[in-house]
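> here's my sequence, what's the structure:
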Amino acid sequence: MASLDFELEKNLFRDFYTRHQCDLEMIKNSHISTIEALIKNSDLGEVTKIEGRVKDQEECIKKFQRKYQGGLETEGSPYAIKDYLSDLIGIRIVCLYEDQVALVSETLKEHFNIIDVTDKIAAMEGTEDLFGYKGLHMDMAPGTVTLNRNDVTNLPFEVQIRSLIQDTWSVLDHKIKYKKSIPNNLKRRINVLSALFELADREFKEIRNATSELMEAATAAPLSDSPSNDEELEDTQSVNGKTINAFNFLRVTGHFFRDFEFQDYKVDNFVQDILSLDHLFKRSDLHQSLVNNLKIVKEYRNLFIAANPDNTFSPYTIVRHCLYLHDRVTFERILSQGPRERFSRWLRTRENNGTTDNEE
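Numbering: from 1, shown residues only. Below is the predicted model of the structure:
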């Protein structure tokens, strides 16, 4: 029963907190699992972190005392402390990119009951002072995705959604002890620092967009089966250029290995391996090496796997062998010593047996 007796209400809240602390931890973990599933099953892209906490009980009491007690007692309105805590359970979602914040918010709105939304991004951008915490806060309650309902599971909880840069700035911002009553020159320096973080957020997003556009441009048109046609196409597509890069590498290899998913970081490292051996190597050269040598390398791969069933021979390995056949001097080190010697012995045996490409 709510009252105006603060000491009584503090004790009632402490009793409530102690009795339900384990339940609150379980509910927090349940909310995190639900949100993880929602994001995973959406097209929002990768988020870097989803974490949560149950607010310390004494911090809860201090917050109530600071924000609500005075007004309620002035109005003569009885209260129970737990009814005024929307962040007893808190969830934080950290997105890679600034524009994911709104997308995550819309996804949560479809699955939870939204009590209140505080857009600290818009609030900060509407002031002259640039520094300060930016993020989106949502007070929510269980919705259609939650099946078990009782007095604890129905409690509201807070979700904070930030970009990776906003989250980093938030950590640093809390370390700046004095930000208001300070000399103007120091305030300007903090403003500049905040602006740099905001610029980094935007540039990070623009780099992602530019990368996607380059990938789309590199893979939009189907690759010709003829390396000579591919070389002619290089002259008309300045966006990709002639020299091999991650985008046109994927264009060529995607044509020959349609069912294989090339991982971004591996492609990046692989292309650098190629350029370290031949800094003028072109996309059409890669195309030529695969057209001319893929059949031979696949023949070797099949024999190798049959003799070594526990080993693998991925498309990256196939491309390495094709490059070695393309130019054994330039690409001698594209294969490590053991694989290179085994492949060379097999090639010599194949040649001695009189096998030619025309006979295959």
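> all strands of the stretch 151-300 of the chain, in order?
Using DSSP state E, counting those that start in this stretch, the strands of the stretch 151-300 of the chain run over residues 157-163.
> so who does Met325 touch?
Residue 325: Leu, not Met. Residues near Leu325 by Cβ atoms under 8 Å, 6 or more residues apart in numbering: Ser289, Asn292, Asn293, Ile296, Val297. To be clear about C-beta, it is placed using only N, CA and C from the backbone, and glycine gets the same treatment.
> farthest-separated two in the residues you listed?
The distance between the two most remote of the contacts of Leu325 (Cβ to Cβ) is 11.1 Å, for Ser289 and Ile296.
> give the contact list for the closest residue to Lys49 other than its chain neighbours.
Nearest residue to Lys49, sequence neighbours excluded (Cβ to Cβ, 6 or more residues apart in numbering): Val94, at 4.1 Å. Shown in contact with Val94 (Cβ under 8 Å, 6+ apart): Val47, Thr48, Lys49, Ile50, Arg162, Ser163, Leu164, Asp167.
> out of the residues you listed, which end up buried?
Buried subset of the contacts of Val94 (neighbour count, 16 or more other Cβ atoms under 10 Å): Val47, Ile50, Arg162, Ser163, Leu164, Asp167.
> just want the angle from the host helix or strand of the second one to strand 157-163.
Secondary structure assigned from DSSP states H and E places Ile50 in strand 47-54. Using axes from the mean of the first three to the mean of the last three Cα atoms, to 10 degrees, the inter-axis angle of strand 47-54 relative to strand 157-163 is 150 degrees.
> any stretches of the stretch 1-150 of the chain with poor pLDDT?
Low-confidence segments of the stretch 1-150 of the chain, defined by pLDDT under 70: 121-133, 144-150.
> rewinding a little: let's have the contacts of Leu325 in JSON lines, adding distance to Tyr265, pLDDT and neighbour count.
Output for those, formatted as JSON lines (distance: Cβ to Cβ, whole Å; pLDDT from 0 to 100; neighbours: other Cβ atoms under 10 Å):
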{"residue": "Ser289", "distance to Tyr265": "23", "pLDDT": "96", "neighbour count": "23"}
{"residue": "Asn292", "distance to Tyr265": "28", "pLDDT": "95", "neighbour count": "14"}
{"residue": "Asn293", "distance to Tyr265": "26", "pLDDT": "96", "neighbour count": "19"}
{"residue": "Ile296", "distance to Tyr265": "29", "pLDDT": "96", "neighbour count": "19"}
{"residue": "Val297", "distance to Tyr265": "24", "pLDDT": "97", "neighbour count": "23"}
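> in the chain, which residue is closest to the centre?
Nearest to the geometric centre of the chain sits Glu46, at 3.4 Å (Cα atoms, centre = their mean).
> let me see the domain layout of this protein.
6-199, 221-359 (automatic domain parsing).
> make a markdown table from the ones you listed and add distance to Lys205 to it.
Listed next are those as a markdown table, based on distance: least, Cβ to Cβ, whole Å:
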| stretch | distance to Lys205 |
| --- | --- |
| domain 6-199 | 5 |
| domain 221-359 | 17 |
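> looking at the ones you listed, which is closest to Met215?
domain 221-359 (5.6 Å).
> next helix or strand past the strand holding Ile50?
helix 57-64.
> list the buried ones in that next one?
Using 16+ other Cβ under 10 Å as the test for burial, helix 57-64 gives Gln57, Cys60, Ile61, Lys63, Phe64.
> give the buried residues for the helix or strand following it.
Once the chain leaves helix 57-64, the next helix or strand it forms, by DSSP H and E, is helix 70-75. For helix 70-75, the neighbour count (16+ other Cβ under 10 Å) marks Leu72 as buried.
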